[in-house]
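Engineer: Build the 3D model from these lines:
(2 chains)
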Amino acid sequence: EPEVTQTPSHQVTQMGQEVILRCVPISNHLYFYWYRQILGQKVEFLVSFYNNEISEKSEIFDDQFSVERPDGSNFTLKIRSTKLEDSAMYFCASSYWAGEAGELFFGEGSRLTVL
Amino acid sequence: DAKTTQPNSMESNEEEPVHLPCNHSTISGTDYIHWYRQLPSQGPEYVIHGLTSNVNNRMVSLAIAEDRKSSTLILHRATLRDAAVYYCILRDEDSNYQLIWGAGTKLIIKP
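Structural biologist: Here you go, the predicted model:
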C-alpha cells in the first residue's frame, strides 16, 4: 500500500540553526500538507501546497518557515532559525482530492528537538 | 478552534463494540464529518467520513444523527491495536476545508 515517508525520524539541533524536514508524498497525490504536534498538545495545521505554491498557511507558519517541492517527488519544510518552541513532531500529509471529502494520508512524523 | 466536542477518554473491553460519540451542533449543510485516529507514537490515520447517510467499512461504521448535530463512530469489535486517540473533525468552508483538530477521545482497550 502506498505511504507517505518522512526523514529524518528524529533530529536534534541547536537553537538558531536551520533545519530541513523531508517528505515523499504518495506519488499521484496533488495536495501536500505540513502539520505539527507539540508534545501532549493538539495537532496543528501549518501549511498546504498545491500546484507548486502555498494554497493556505496558518499563523504559525511565519517567515521562519518555508516549503518547497524541489524535484516533483520530495516535499520539504525548512525552518530557517529554530527556536526552542519549534520542538515538536512534524507530520507531512498528502491527498489526491482537496475540499470537504478528501482523505489525507499522513507520514510517521519527524521529531524535532531544539536545544 | 475545533467545531466538535468529544469525551476526553473512554474505556472498552477487547472484542466488544465501541461507540465513540461526537457533537457538532454548529454543522452546516455542506460540512463533512471526518474521523481520524492516532496510534501511540504514530502519525494520524484516516478512518472514515460521511455527510448525511450512515457509512460502513470493513472495520468501522459512522452513524450520523438525522439532524447531523452529532455522530458516532462504531468499532465493531475492538482489539488492543485500536487503542488510540480518535478525532472527529468537520471539514467546512469556514476553515477552507483544512483539518482543525480538537483533543479527541483517548480510547483505552482492556484485555
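Engineer: show me the contacts for residue 39.
Structural biologist: Picked chain A for this. A:87-89 (C-beta atoms under 8 Å, 6 or more residues apart in numbering or on different chains). No exception for glycine: its C-beta is placed from N, CA and C like everyone else's.
Engineer: The chain in question should be chain B.
Structural biologist: B:45, B:81, B:83-84.
Engineer: thinking again about what came up before, among the contacts of residue A:39, find me the one that's closest to chain B.
Structural biologist: Proximity of these to chain B (C-beta to the nearest C-beta) peaks at residue A:89, which lies at 8.2 Å.
Engineer: Show me what the host helix or strand of that closest one pairs with in its sheet, parallel or antiparallel.
Structural biologist: Using DSSP states H and E, residue A:89 sits in strand A:88-95. Using DSSP bridges, strand A:88-95 pairs in its sheet with strand A:31-37 (antiparallel), strand A:105-106 (antiparallel), strand A:110-114 (antiparallel).
Engineer: Figure out which of the ones you listed is closest to residue A:20.
Structural biologist: Closest of the strands paired with strand A:88-95 to residue A:20 is strand A:110-114, at 10.0 Å (criterion: C-beta to C-beta).
Engineer: State the mean pLDDT of the closest one.
Structural biologist: Mean per-residue pLDDT for strand A:110-114: 98.
Engineer: ditto for stretch A:2-9
Structural biologist: Mean pLDDT, computed over stretch A:2-9, is 94.
Engineer: Within range of chain B, give me the residues from chain A.
Structural biologist: Residues of chain A lying close to chain B (C-beta under 8 Å from any C-beta of the partner chain) are A:4, A:35, A:42-45, A:48, A:56, A:91, A:93, A:98-109.
Engineer: Now which of those residues would you call buried?
Structural biologist: Buried by 16 or more other C-beta atoms under 10 Å in any protein chain shown: A:4, A:35, A:42-45, A:48, A:56, A:91, A:93, A:98, A:100, A:102, A:104-109, out of those.
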